[in-house]
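>>> give me the fold of what follows.
(2 chains)
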Number of protein chains: 2
Amino acid sequence: MNQTIETILNHRSVRKFTDKELTQEQIRLLVEAAQSASTSSFVQAYSIIGVKDKEKKKKLSELAGNQQYVENNGHLFVFCADLYRHTVASEMEGKKESAQDSIESTEKFMVSLIDVALASQNMAIAAESLGLGICYIGGIRNNLVGVSQLLKTPDHVLPVFALVVGYPDQQTEKKPRAPFQHIYHENEYEQDVEKYKQELQEYNNEITAYYQERTNGKRTDTWTAQMAGNFEGKSRMYMKEFVKQKKFDLK
Amino acid sequence: MNQTIETILNHRSVRKFTDKELTQEQIRLLVEAAQSASTSSFVQAYSIIGVKDKEKKKKLSELAGNQQYVENNGHLFVFCADLYRHTVASEMEGKKESAQDSIESTEKFMVSLIDVALASQNMAIAAESLGLGICYIGGIRNNLVGVSQLLKTPDHVLPVFALVVGYPDQQTEKKPRAPFQHIYHENEYEQDVEKYKQELQEYNNEITAYYQERTNGKRTDTWTAQMAGNFEGKSRMYMKEFVKQKKFDLK
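Numbering: from 1, shown residues only, chains lettered A, B, ... in the order given. Predicted structure coming up:
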């Protein structure tokens, strides 16, 4: 065990921050940390939009479902999958036409999503190692039409989530993760469905106990019930058409 | 600056390892680190297949383009986007039918790719903090039909990359990343294409100098040329159909 692993294992999302803003030096260090992540074939297929403007933050908070911590934090970073850089690079090399199929492929859509997530997680760990709190904001995907307009992202750029960073103004608890043997398979994917369900049932019991303890017995919930409810809700079904409009995942 | 940020900023991929294997305790700690990452709405939409079997590793190495470090390393982790867990959870809750559209949506395809990448990057940082080296293997996407068969992944599970971890047997150098102002935008996406190209040109000069120095002047290359060549190559164009076969990104 070392400081880094302690930081990683101690992660919990923070949803209430003091009003102290990050300095420009902190922002720069966090972006440098993000940029140090691995990137598929050196493509660096992401951009980060730091939002300081108070009106824009307020508007983003509304678009993301009125979470106050999207507006009130030390800094807000919007992470974008970005293949626009590669359209410009290809144009500079006289290969704009011949590169287009690949730029708009499902493979490169995946590459850009993986790249942007690797970068953001580096930033998250770096921030937490400095005693800052973080929370990912997937809520910006509730309304990417609005978010894209607000941030003026061109085609081939897709805002995918935000990361809010700041000085924590709350203590939060770590939620128990799925059991090791349920996430980790050896040599091949576990094929025994009954065993698989049994593990989920045991995890449900753990999650129920966790909520019971946190709420003095008021909340009864399980992981499978949360998931079934979440997926039944069919959120963000506009995404398939939207990513195509932005020239991703076409080919 | 602290130990964690030093680890992050010092990242470089390692492609040659000693034959010392990771212990079961190390594997477990690395998986626990991965699991501690943020996960969208608690979905935990990924699985990790640790491959120890030597024949399987050899076969994976062939499928990924015959890179020896895929076969020879301390341990090989295959990271999979996984929504199978949620089909089982929904079935357990009597909601299999009503959850299906969402499970097979583009939104949840994105969620699973982001989730798996956040987890893997935690593992990468944790490994590096222990003095281990890592390399991401996107090459497994060269042949996901073969990889899926080898690892027996069911529908709703998509192997997306591997991470090899081990004791480094080489010294490698860090490649310079794109300039800060090119990755980081303030308040909105930079709209000045000429300035944008100028920044890429300056980055090209930096990359050229980097290769020149490393190869005693033999290699002349730029970032834009690499990218244009990479994208012109149209690799992995089968992906669009394949992810659909695996029941991702359908709706």
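>>> what are the boundaries of the helices in chain A?
With DSSP state H as the criterion, chain A has helices at A:3-9, A:24-35, A:54-63, A:68-71, A:84-92, A:96-103, A:106-129, A:144-151, A:180-183, A:193-214, A:223-232, A:239-245.
>>> my read is that A:Val147 contacts A:Glu62, right?
No - using C-beta atoms under 8 Å, A:Val147 is not in contact with A:Glu62, being 10.6 Å away. Bear in mind the C-beta positions are built from the backbone N, C-alpha and C, glycine included.
>>> the two: who's more crowded?
A:Val147 (24 against 15; other C-beta atoms under 10 Å in any protein chain shown).
>>> quick one, what contacts the more buried one?
By C-beta atoms under 8 Å, 6 or more residues apart in numbering or on different chains, the contact list for A:Val147 reads A:60, A:63, A:78, A:140, A:159.
>>> repeat that with 10 Å
Neighbouring residues of A:Val147 by C-beta atoms under 10 Å, 6 or more residues apart in numbering or on different chains: A:49, A:59-60, A:63-64, A:78, A:80, A:139-141, A:153, A:158-160, A:162.
>>> A:His185 contacts B:Val51, correct?
Yes - between A:His185 and B:Val51 a contact is recorded at 9.5 Å, counting by C-beta atoms under 10 Å.
>>> was I right about A:Phe248 contacting A:Phe242?
Yes - in this structure, A:Phe248 is within contact of A:Phe242 by C-beta under 10 Å, at 9.1 Å.
>>> low pLDDT regions in chain A?
Counting by pLDDT under 70, chain A shows no low-confidence range.
>>> quickly list the domain ranges of it.
What automatic domain parsing lists as the domains of chain A is A:3-172, A:180-230.
>>> ok, the contacts of A:Val147 vs B:Tyr238, which is closest?
For the contacts of A:Val147, the closest approach to B:Tyr238 (C-beta to C-beta) belongs to A:Leu158, at 22.4 Å.
>>> who's in contact with the nearest residue to A:Leu144 once chain neighbours are set aside?
Spatially, and ignoring its direct neighbours in sequence, A:Leu144 is nearest to A:Phe242 (5.6 Å; C-beta to C-beta, 6 or more residues apart in numbering or on different chains). Residues in contact with A:Phe242 (C-beta under 10 Å, 6+ apart) are A:141, A:143-145, A:148, A:158, A:236, A:248, B:106-107.
>>> in CSV: those residues, plus neighbour count.
Output for these, formatted as CSV (neighbours: other C-beta atoms under 10 Å in any protein chain shown):
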residue, neighbour count
A:Arg141, 24
A:Asn143, 19
A:Leu144, 21
A:Val145, 11
A:Ser148, 21
A:Leu158, 30
A:Arg236, 20
A:Phe248, 26
B:Thr106, 23
B:Glu107, 22
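>>> biggest separation within the residues you listed, which pair?
The largest separation in the contacts of A:Phe242, counting by C-beta to C-beta, is between A:Asn143 and A:Phe248 at 17.4 Å.
>>> what do A:His185 and B:Val51 both touch?
Jointly contacting A:His185 and B:Val51 under the rule C-beta under 10 Å, 6+ apart are B:78, B:151.
>>> could you check how far A:Gln245 is from chain B?
12 Å (C-beta to the nearest C-beta, to the nearest Å).
>>> contacts only, for that residue.
A:144-145, A:148, A:155, A:158, A:238.
>>> quick one: neighbours of A:Thr172, just the number.
Neighbour number of A:Thr172 under other C-beta under 10 Å is 14.
>>> isn't it right next to A:Arg15, touching?
Yes - between A:Thr172 and A:Arg15 there is a contact at 7.3 Å, judged by C-beta under 10 Å.
>>> which neighbours do the two share?
Looking at what touches both A:Thr172 and A:Arg15 (by C-beta under 10 Å, 6+ apart), the common residues are A:133, A:135.
>>> how much space between A:Gln118 and chain B?
You called it Gln, but residue A:118 is Leu. For A:Leu118 relative to chain B (C-beta to the nearest C-beta), the value is 5 Å.
>>> residues contacting that residue?
Each residue near A:Leu118 by C-beta under 10 Å, 6+ apart is listed here: A:34, A:36-40, A:46, B:114, B:117-118, B:120-121, B:124, B:136, B:161.
>>> equivalent analysis for A:Thr87, please.
Contact analysis of A:Thr87 by C-beta under 10 Å, 6+ apart lists A:96, A:99-100, A:103-104, A:154-156, A:247, B:227, B:231.
>>> using JSON lines, lay out the residues you listed together with neighbour count and distance to B:Gln24.
Converted to JSON lines, the contacts of A:Thr87 look like this (neighbours: other C-beta atoms under 10 Å in any protein chain shown; distance: C-beta to C-beta, whole Å):
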{"residue": "A:Lys96", "neighbour count": "18", "distance to B:Gln24": "51"}
{"residue": "A:Ala99", "neighbour count": "25", "distance to B:Gln24": "45"}
{"residue": "A:Gln100", "neighbour count": "19", "distance to B:Gln24": "48"}
{"residue": "A:Ile103", "neighbour count": "25", "distance to B:Gln24": "43"}
{"residue": "A:Glu104", "neighbour count": "21", "distance to B:Gln24": "44"}
{"residue": "A:Pro154", "neighbour count": "16", "distance to B:Gln24": "49"}
{"residue": "A:Asp155", "neighbour count": "14", "distance to B:Gln24": "48"}
{"residue": "A:His156", "neighbour count": "22", "distance to B:Gln24": "44"}
{"residue": "A:Lys247", "neighbour count": "19", "distance to B:Gln24": "46"}
{"residue": "B:Met227", "neighbour count": "28", "distance to B:Gln24": "41"}
{"residue": "B:Phe231", "neighbour count": "28", "distance to B:Gln24": "42"}
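>>> using TSV, lay out those together with distance to B:Arg214.
Converted to TSV, the contacts of A:Thr87 look like this (distance: C-beta to C-beta, whole Å):
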residue	distance to B:Arg214
A:Lys96	29
A:Ala99	26
A:Gln100	32
A:Ile103	28
A:Glu104	33
A:Pro154	34
A:Asp155	35
A:His156	31
A:Lys247	35
B:Met227	19
B:Phe231	24
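>>> and the furthest pair within the contacts of A:Gln245?
Pairwise distances across the contacts of A:Gln245 peak at 17.2 Å for A:Asp155 and A:Tyr238 (criterion: C-beta to C-beta).
>>> in contact with A:Glu206: list those residues for me.
Neighbouring residues of A:Glu206 by C-beta under 10 Å, 6+ apart: A:175-179, A:222-223.
>>> and what of A:Phe42?
Contacts of A:Phe42 by C-beta under 10 Å, 6+ apart are B:175, B:177-178, B:207, B:223, B:226-227, B:230.
>>> which one of these has the most neighbours?
Result: B:Met227 is most packed of these (other C-beta under 10 Å), 28 neighbours.
>>> tabulate the contacts of A:Phe242 (TSV), appending distance to B:Tyr84.
Formatted as TSV, the contacts of A:Phe242 follow (distance: C-beta to C-beta, whole Å):
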residue	distance to B:Tyr84
A:Arg141	22
A:Asn143	29
A:Leu144	27
A:Val145	31
A:Ser148	32
A:Leu158	26
A:Arg236	20
A:Phe248	24
B:Thr106	18
B:Glu107	17
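>>> measure A:Ile114 to chain B for me?
5 Å.
>>> what sits against the nearest residue to that residue once chain neighbours are set aside?
Excluding its sequence neighbours, the residue lying closest to A:Ile114 (C-beta to C-beta, 6+ apart) is B:Ala117, at 4.6 Å. Applying C-beta under 10 Å, 6+ apart, we find B:Ala117 in contact with A:37-38, A:110, A:113-121, B:37, B:46, B:79, B:81, B:136, B:160-161.
>>> just A:Lys240 next, same as before
By C-beta under 10 Å, 6+ apart, A:Lys240 lies in contact with A:249, B:105-107, B:109, B:249-251.
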